[in-house]
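K.L.:
From the sequence below, what's the structure:
(one chain, ligands or ions: 1)
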Amino acid sequence: MIQAQNLTKHYGDKTAVSGATFTAQQGKVTGFLGPNGAGKSTTMRMAMGLDRPSEGSITINGKPLAEHKSPLREVGALLDARAAHPNRSAKAHLSAIAATHNIPKKRVDDVLELTGIAGVAHKPIKGYSLGMGQRLGIAVALLGDPETLIFDEPVNGLDPEGVKWVRQLCRALAAEGRTVFISSHLMSEMAQTADHLVVIGRGRIIADAPIEHLLNSTGENRVRVRTDAAESLVQALNGPGVTIVERDSSLLEVQGLTPRQIGQLALERQILLTELTPIAVTLEDAYLNLTHSEVEYHSGDGLSPLTQDQPETVHAMEGK
Ligand SMILES: Nc1ncnc2c1ncn2[C@@H]1O[C@H](COP(=O)(O)OP(=O)(O)OP(=O)(O)O)[C@@H](O)[C@H]1O
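P.N.:
So this is what the prediction gives:
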């Protein structure tokens, strides 16, 4: 289990992590999600004892990592896939780590097989692709057969087959009862891998919940409605708690009413609907809504995920 309590890290004037409190449970994949520069790597480095918290703490199975007798058997981490000597082979790299941590040689062959790099195990690491380097980093993390795994952006540079493999590996490790804590800036990836999400933005934890809770708590589903009588329909639908966005002269997006209620109100006014489509809130929408104001750098106006979709008109009647 990983537990962060009021975890804070300042670099001079810059606060990289601010009062973060969360838990990554055993037997679960916990996704650590946030935009670039949100504080994910800093948090993971503090968990591994590579950076010291300015305030608060982060513990692995109840203690800071440095207080464990065999840290490599306690936690395995992929933090920087390039952290290996370029002229060494994967086998030599893993063997050296195994030898200094009392890990049997046989385990080196096991993790080479498990990560799919046994075929290139004797080749110098400098010739490896980014994806092969990631696999080697994961092999190092698995070497001590640890109960807790921390992977910082493990799918970076992997092809679709590699991405699927990481996903399956994380699920399998959690199914064995291990704690798997994995960072990403992509919700789509986490949605398929994680049981639980901790979302961070500008160093602050902005959500900590099972995936399905996050989805349910971030806004009602909307309904897309097409009609040639948009103006009359807006009048018919408007009411307390209803928000209507006019996408164009004949297309509305309605929040706060079910498709059935919209159909009923339209029927009462004899308004013909030519489309009535529920739009589910995707995890990606939920994530963008949560993190939009927490992104350090937004793309230019035209590219910003929420501004490209700006409605022309919004009708909202709250609490009438
Ligand atoms: N050694 C450092 N000195 C100064 N600032 C730092 C240092 N390390 C990180 N930061 C800053 O702290 C903030 C958090 O960085 P961090 O690398 O933890 O974010 P991240 O969420 O992992 O981002 P990314 O997805 O881009 O790796 C950033 O603004 C970063 O510039």
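
K.L.:
Grab the nearest non-local neighbour of residue 18.
P.N.:
residue 203 (4.1 Å; CB to CB, 6 or more residues apart in numbering). No exception for glycine: its C-beta is placed from N, CA and C like everyone else's.

K.L.:
pLDDT score assigned to the one you found?
P.N.:
pLDDT, residue 203: 93.

K.L.:
and the residue in the chain sticking out farthest from the centre, how far is that from residue 9?
P.N.:
Computed with CA atoms, centre = their mean, the residue of the chain farthest from its C-alpha average is residue 270, at 46.3 Å. Between residue 270 and residue 9 the computed distance is 63 Å (CB to CB, to the nearest Å).

K.L.:
repeat for residue 46
P.N.:
6 Å.

K.L.:
now residue 180
P.N.:
Taken as CB to CB, the span from residue 180 to residue 9 is 23 Å.

K.L.:
Residue 113 now?
P.N.:
Counting by CB to CB, the gap from residue 113 to residue 9 is 38 Å.

K.L.:
Longest helix in the protein, please.
P.N.:
Determined from DSSP state H, the single longest helix within the chain is helix 160-175.

K.L.:
other SSEs contacting that one?
P.N.:
Packing partners of helix 160-175 (3 or more CB pairs under 8 Å, 6 or more residues apart in numbering; DSSP states H and E): strand 29-33, helix 130-142, strand 148-152, strand 179-184, helix 187-193.

K.L.:
can I have that helix written out in PDB, keeping just the CAs?
P.N.:
Extracted as PDB, the C-alpha positions of helix 160-175 are listed here (Å, rounded to 0.1, in the frame of the first residue of the first chain):
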ATOM      1  CA  PRO A 160      -0.200  -0.700 -29.500                       C
ATOM      2  CA  GLU A 161       0.800  -4.300 -28.800                       C
ATOM      3  CA  GLY A 162       3.200  -3.000 -26.100                       C
ATOM      4  CA  VAL A 163       0.500  -0.800 -24.600                       C
ATOM      5  CA  LYS A 164      -1.900  -3.800 -24.400                       C
ATOM      6  CA  TRP A 165       0.900  -5.800 -22.800                       C
ATOM      7  CA  VAL A 166       1.500  -3.200 -20.000                       C
ATOM      8  CA  ARG A 167      -2.200  -3.000 -19.400                       C
ATOM      9  CA  GLN A 168      -2.500  -6.800 -19.000                       C
ATOM     10  CA  LEU A 169       0.700  -6.900 -16.900                       C
ATOM     11  CA  CYS A 170      -0.700  -4.200 -14.500                       C
ATOM     12  CA  ARG A 171      -4.000  -6.100 -14.200                       C
ATOM     13  CA  ALA A 172      -2.200  -9.400 -13.600                       C
ATOM     14  CA  LEU A 173       0.100  -7.900 -10.900                       C
ATOM     15  CA  ALA A 174      -2.900  -6.300  -9.100                       C
ATOM     16  CA  ALA A 175      -4.800  -9.600  -9.300                       C
END
